[in-house]
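Chemist: The following block contains a protein sequence and its predicted model.
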Amino acid sequence: METLRCSVDCWADFGELLSGRVVHTGTEVLLTTGTSDLLVFSSQEKRVKSILQFDSPVTCLAVSDKSRLYALCQSNGLYCTSFPQECSSQSVSAQKCDFSVSTISRDSIVIEDGKMQSFILVEGILVIVSLQESFWSFDLYKVPDCSTGAKVFRKHASIHVPQNTLGARIGSAPVLASIYPSKDSSSKGHTCQGHYLLEPLLFRLLFGVDAALVHSPVILCGLPDGRLLFFPLLLPSWGEQKPRIRMLHSLEQPVTFMGTSIIGEQGPQCLVIVGQMGRILLIRARQTSSDGKAADCAFIEQTVQGPVVCACVNGEHLFYSTSKTLLALPLSKTAASSAFSSLRAAEGERESIRQERSALLSQSAVCLSVSRVIALAEPSVTPTGRVQLLVLSLSGRLLQVTLPQESDKDSVSQLTSSKVGQTVKDLLAGIGNVWERATSVKLQLQLKNNVLKRLNQVINICSLFLTYQKSSQEGKDCKPPISCHGVAKWSKLLQKEALVLTCTLENLSAYVLDQGWTLCIEVQSPHSLTAEGTSKTYSFALKKLDCGQKMEVSLPLESRGEEFVPVKIQCFLVYSLQSLVHKEDKSCISLALNTLTLDWLDCLRIGEPASHSEIAKQNSVWEATCIFLSSRRIHTEEQPMPKTDHHVVAIQISCDLLKTGLGLRDCSSAALCVSVLNWLLFGMFETVGQKLVESAVVCVHGPDRQPVRLLTKEVTLSDVNSEGPLSVVEVQVQSSSMAAVFGLHHAVLQRVQGLLRDAPMKFANPGQLKGQRLCEAVRHAESLYKDLQDSQSSAAFGGVMKTRTSESLFNLYLQLRENPLVIL
């Protein structure tokens, strides 16, 4: 497709538009912008002179010879008002340009009909097309003579045409035009917008002899379904009967434009019809004999690339606008290609004709380099012979496009052909350099934006932790935004039993923990009997943890018999700044989560079969005491101690304390004992798949597989509270393994200490205790303390402890556990 460089002059800019129309009348230009305002623009002063405000958007307009303006408004009817003058009753000043604003009242409505679609004014007669329920109505009104004072528009005739919805396009309005027979062959092809001249021969062949003899204008209408209808307007029988309407052709698509064209020097010889989808119909007379008589007329259909928004004709050129650009099509080449196609069709080559026609038209069209044109006025010709187009673009600019003459086209081609290659290379090189720089800058900005976004999210998460810590210090009951809980279970790894710790990270915040965050778990083992304890840190990188989601990680714990518990586990959430800056920066942000303690209660083997009646005997108290003293490098003489059965340790806890701390206010005694046992074994957090115990006694195995029995029962003490009996829950630990008894006793006390520490203000004050019971407890404790000091002095004095010293220490331990204190 050839591109033509045109001269474009911007007259005005009205902003973005949805639709519009342009009508050029002398020195004024009438503009509609899809709103209820009608603009009167001066082509000489290049400014808006007047604004006419209607009640609804203006869809069609016309100007009569007597300076009367007719405007069809959507859903209202037809207005008739005088043409606006320079002065008006209401004047507005904007940007040093004076223009008048006039409001057109409903008194100016001459024909009120909300179904009117289009109209045309011809020879003092208004032809109005309206869409009724099932038919098109053509109504003819006689314009009254204003000099006689008549103001009523009287209907003289009405023609009905059935509606055809097949092929009709919603929102398209009928297009009207009046065709006059020209008096000679040298007449121009048109008089004004919507009114055209046609050579007498073609006019007679298309519209009949009667209309040609009386020189009656013919009303040509293109309906939205593509039908072309016509009827003569002025016939001698017009007053006696209705005009007869006939169909000329069917374009099978909505009509955009109708006009006449001059091909060659023989006058207006061609009728041009353009459809919205790009179909063009050319109707011309076809002569078949040497005496100049025409046998018939030829209907030539061609197709251009659509859609066609608007169009106009000047001489041999058809100017039309698609949704992208403005094009000029020479109709003389179109007619020639059609004649060539007809000749080949007669020779039997009809299959490829349509494709060749489309290709010829695409190559013949010339791009005028003006985009987004939605309205065209009738072309004008300057004294120098240049064609000027007045267009309105979708961006709201009113442009005057001046086409170059044939001599200008040749000089432009010669000028650009010599330097076009180098110019294009330079432009492409410059575009490439700018594109590379812009891409690099865009990438850097995107990276920085991502870094700032992620850093902002990290700061918000840190702020949540600070708020939670502050609320916890103030004693408020609130949940942490991110928490980590752990559960230990025995499992087999490589045919070897190991204690596996499963930690669950739960994100309760409103932010996502994505890449860069790491869950760190530090396991600190206690001081064993033979060596100092050690610590290990396990790291788990997070991919994406949305709000409300959980993530589980598992890690094995090193078990060395009974010496590896209790274990302290600290959980941290670490964000490495290296993931943000991508440099060798090892700084990070660490957020402390929960601190867990893994004791003997967590390491019990629950679920393995065990006997409720017998507990296997293992090391005696004497043997355990010897092992303990040997680890302290205190040598004893190896003398046997009397064997004993399994050992028992008891802890007594107030029922009120347990009910308040565990939230079991309305609970029976049996249910309380079972709940306390479940609390000791499984803690406060529920684990998926865990099986709770259903009785107040359970037999389990320790980490070293030694049987252990745990039981809870309610006991009433009468010598503690002065106000009456006191109900307590007694927790007993029974085992033949002294290490198991020691470890479980310590673990139970730690659980009760945690219960007292978590909510010390929630428990009621204990009742009045009996002073005698307290005095006896104090005297008993002082006596045991004195015996302990004597045993330590005896061991330090000689460096070797006798058997009686070992027996005294063992007896002290037994006495401490025979009379337990009550935890209130």
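Modeler: Okay, I see it. Numbering: from 1, shown residues only.

Chemist: Can you identify the element that follows the helix or strand bottoming out on mean pLDDT in the chain toward the C-terminus?
Modeler: In the chain, no helix or strand scores lower on mean pLDDT, DSSP states H and E than strand 91-94, which sits at a mean of 41. The first helix or strand that comes after strand 91-94 along the chain, using DSSP states H and E, is strand 97-103.

Chemist: following that next one, which helix or strand shows up next?
Modeler: By DSSP H and E, the next helix or strand past strand 97-103 is strand 109-111.

Chemist: partners of that next one, with directions?
Modeler: strand 77-82 (antiparallel) (DSSP bridges).

Chemist: Tell me the buried residues in the partner strand?
Modeler: Neighbour counts over strand 77-82 (16 or more other CB atoms under 10 Å) mark G77, L78, Y79, C80, T81 as buried. Glycine gets a C-beta too; all of them are placed from N, C-alpha and C.

Chemist: And the average pLDDT for stretch 736-750 is what?
Modeler: Mean pLDDT, computed over stretch 736-750, is 83.

Chemist: hang on, I meant stretch 163-173
Modeler: For stretch 163-173, mean pLDDT rounds to 73.

Chemist: And that stretch, end to end?
Modeler: Distance across stretch 163-173, first residue to last, is 13 Å (CA to CA, to the nearest Å).

Chemist: in the stretch 401-550 of the chain, which spans are helices?
Modeler: 406-473 (DSSP state H, counting those that start in this stretch).

Chemist: The stretch 701-824 of the chain too?
Modeler: So, for the stretch 701-824 of the chain - with DSSP H, counting those that start in this stretch - the helices run 738-758, 771-798, 803-818.

Chemist: Out of the ones you listed, which gets the lowest mean score?
Modeler: Minimum mean pLDDT among the helices of the stretch 701-824 of the chain: helix 803-818, a mean of 64.

Chemist: re the thing from before, now the buried residues of strand 77-82 in a markdown table, with distance to L18 and pLDDT?
Modeler: As requested, the buried residues of strand 77-82 are exported to a markdown table (distance: CB to CB, whole Å; pLDDT from 0 to 100):
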| residue | distance to L18 | pLDDT |
| --- | --- | --- |
| G77 | 22 | 90 |
| L78 | 23 | 92 |
| Y79 | 21 | 92 |
| C80 | 26 | 90 |
| T81 | 25 | 89 |
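
Chemist: for these, which one is nearest L601?
Modeler: G77 (92.3 Å; CB to CB).

Chemist: residues contacting L726?
Modeler: Going by CB atoms under 8 Å, 6 or more residues apart in numbering, L726 touches S654, T716, L717, S718, V720, G767, V822.

Chemist: who touches stretch 570-587?
Modeler: Contacts for stretch 570-587 (CB under 8 Å, 6+ apart): 451, 454-455, 458, 482, 484, 486, 503, 505, 513, 515-522, 524, 539, 588-596.

Chemist: hey, C-alpha coordinates of that stretch in PDB?
Modeler: The C-alpha coordinates for stretch 570-587 follow below in PDB (Å, rounded to 0.1, in the frame of the first residue of the first chain):
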ATOM      1  CA  GLN A 570      14.600 -22.800  70.600                       C
ATOM      2  CA  CYS A 571      12.800 -21.800  67.400                       C
ATOM      3  CA  PHE A 572      13.800 -18.700  65.400                       C
ATOM      4  CA  LEU A 573      12.600 -17.200  62.100                       C
ATOM      5  CA  VAL A 574      15.600 -15.700  60.200                       C
ATOM      6  CA  TYR A 575      15.500 -13.500  57.100                       C
ATOM      7  CA  SER A 576      18.800 -13.200  55.300                       C
ATOM      8  CA  LEU A 577      19.400  -9.700  53.800                       C
ATOM      9  CA  GLN A 578      21.700 -11.400  51.200                       C
ATOM     10  CA  SER A 579      18.600 -12.500  49.300                       C
ATOM     11  CA  LEU A 580      17.700  -8.800  48.800                       C
ATOM     12  CA  VAL A 581      21.000  -7.100  47.900                       C
ATOM     13  CA  HIS A 582      22.600 -10.200  46.200                       C
ATOM     14  CA  LYS A 583      26.000  -9.400  47.800                       C
ATOM     15  CA  GLU A 584      28.300 -11.000  50.200                       C
ATOM     16  CA  ASP A 585      26.400  -9.600  53.100                       C
ATOM     17  CA  LYS A 586      25.800 -12.100  55.900                       C
ATOM     18  CA  SER A 587      23.600  -9.900  58.100                       C
END
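
Chemist: Number of residues surrounding L580?
Modeler: By other CB atoms under 10 Å, the residues close to L580 number 16.

Chemist: Repeat that for K242.
Modeler: 15.

Chemist: ditto for the one 3 residues further on
Modeler: Here the neighbour count serves as a burial measure; for I245 (other CB under 10 Å) it reads 16.

Chemist: wait, what's in contact with the closest residue to it other than its chain neighbours?
Modeler: Leaving aside its sequence neighbours, I245 sits nearest to F231 (CB to CB, 6 or more residues apart in numbering; 4.3 Å). Contact analysis of F231 by CB under 8 Å, 6+ apart lists F138, I159, V218, I219, P243, R244, I245, R246.
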